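Trainee: sequence first, predicted model second:
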Amino acid sequence: MAEQPAIMSLAEAGAKSEAKSEVDVPEQGAAQQPQEEMPPTVVVDDVHLIYRVHGAAAGKGSATSALSRLALRKKAAGITEVHAVRGVSFVAYKGQAIGLIGRNGSGKSTILRCIAGLLPPTTGKIYSDGQPSLLGVNAAMMNDLTGERNIILGCLAMGMTQREADDKYDDIATFSGLNNYNGKDFLRLPMRTYSSGMASRLRFSIAAARTHDVLMIDEALATGDRDFQLKSEARIRRLREEAGTVFLVSHSMKSIRDTCDRVIWLDQGVIKMDGPTTEVVDAYEGK
């Protein structure tokens, strides 16, 4: 089994002398400022992520053939490797809102999951100052519980005390709009009755209820009506002002332009361009 590269804090990385030689700040354009002006919050250093998809070849998927391969210590047929992220390196700084754009399959969501610690890189290292929070991950939602209970559960999962969760409840309920959605209080109903858009509203509302060191949002603004999208964008800008770092994956270039001050364009797992929002989005749109 391949060694799992560690995901550690920048403070821990700084304590290791070898880390200084391993982590170089890439020159990615005007969006990156000197470290003495804005402290780094995330360093992604030459990260590769390879998915291994296991599947039996035609005519060799029976239980007998599987037992035979096991007895003979042979590898299963039909293993396919997908190189989803290829040598990605960048530094994110405190106060930035960074958009990740690219076609489907370009590696945007994969790199977010690597930063969050959900997918250990095949090779390379990731350093973070604080705990990165991927939208919906820290809010541990349970479909059989009501929206009310999920709000409290999600707050507790993000490290709040019971009192803090109780104090935040009204703000989260109001922000989500589910306490009066089409004339009905859906927070009193189990989450299994929610549409995917309603569930996304609640996840975003819970995740945005606290200030995060690093908040990562994957397509959150693509759901809900225009009013909720505007509220979400305003909340992200507020998170930036509160000195957090925000990553936003979206296919909506308007959301990217309205929310982000820096954009990373990924193509087939490689950074194609990294720089100011207008410059990168114009290039992506072929302007």
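Mentor: Sure, I can see it.
Trainee: burial check on Lys287, number of neighbours?
Mentor: Other residues lying near Lys287 total 7 when counted by other CB atoms under 10 Å. C-betas here are computed from N, CA, C, even on glycine.
Trainee: hmm, I typed the wrong one, I wanted Asp213.
Mentor: Using other CB under 10 Å as the criterion, Asp213 is surrounded by 17 other residues.
Trainee: and it, how far is that from Gly95?
Mentor: Look at Asp213 and Gly95: by CB to CB, to the nearest Å, they are 12 Å apart.
Trainee: just Val43 next, same as before
Mentor: Between Val43 and Gly95 the distance is 16 Å, computed by CB to CB.
Trainee: name the residue in those two with the higher neighbour count.
Mentor: In terms of neighbours (other CB under 10 Å), Val43 is the more surrounded of Val43 and Gly95; the figures are 22 against 19.
Trainee: quick one: the more buried one is in a strand?
Mentor: Yes: Val43 sits within a strand when classified using DSSP: H, G, I helix; E, B strand; the rest coil.
Trainee: can you classify the nearest residue to it once chain neighbours are set aside by secondary structure?
Mentor: In space, Val43 comes closest to Tyr127 once its chain neighbours are excluded; the distance is 4.3 Å by CB to CB, 6 or more residues apart in numbering. At Tyr127 the chain is in strand, as set by three-state DSSP.
Trainee: and Tyr127, how many neighbours?
Mentor: Applying other CB under 10 Å, we find 23 residues neighbouring Tyr127.
Trainee: I'd guessed it sits against Ser89; true?
Mentor: No: the pair Tyr127 and Ser89 fails to qualify as a contact (CB atoms under 8 Å) at a distance of 11.6 Å.
Trainee: give me the number of residues near the nearest residue to Val281 once chain neighbours are set aside?
Mentor: When the adjacent residues along the chain are set aside, Val281 lies closest to Met253, with 5.4 Å between them (CB to CB, 6+ apart). With neighbours defined by other CB under 10 Å, the count for Met253 comes to 16.
Trainee: look up how far Pro121 lies from Met253.
Mentor: On the measure of CB to CB, Met253 and Pro121 end up 28 Å apart.
Trainee: same thing with Leu215?
Mentor: In this structure, Leu215 and Pro121 are 21 Å apart, going by CB to CB.
Trainee: next up, the contacts around the residue nearest to Met191 when sequence neighbours are not counted.
Mentor: Excluding its sequence neighbours, the residue lying closest to Met191 (CB to CB, 6+ apart) is Asn143, at 4.8 Å. Asn143 is in contact with 190-192, counting by CB atoms under 8 Å, 6 or more residues apart in numbering.
Trainee: who does Phe90 bridge with?
Mentor: Listed beta-bridge partners, Phe90: Val44 (assigned using DSSP bridges).
Trainee: same check on the one 10 residues further on?
Mentor: For Leu100, the residues forming beta bridges with it (DSSP bridges) are Val249, Ile264.
Trainee: would you confirm that it contacts Arg262?
Mentor: No: taking CB under 8 Å as the definition, Leu100 is not a contact partner of Arg262, at 10.2 Å.
Trainee: that older thread, who touches both of Asp213 and Gly95?
Mentor: Common neighbours of Asp213 and Gly95, using CB under 8 Å, 6+ apart, are 244-245.
Trainee: can you give me the strands in the stretch 151-287 of the chain?
Mentor: Taking DSSP state E, counting those that start in this stretch as the criterion, the stretch 151-287 of the chain contains strands spanning 214-218, 245-249, 262-267, 270-276.
Trainee: looking at those, which one is packed in the most?
Mentor: When these are scored by mean count of other CB atoms under 10 Å, the highest mean neighbour count falls to strand 245-249 (a mean of 25).
Trainee: now that one: how far from the chain's centre is it?
Mentor: Its chain's C-alpha centre and that of strand 245-249 lie 7 Å apart, by CA atoms, centre = their mean, to the nearest Å.
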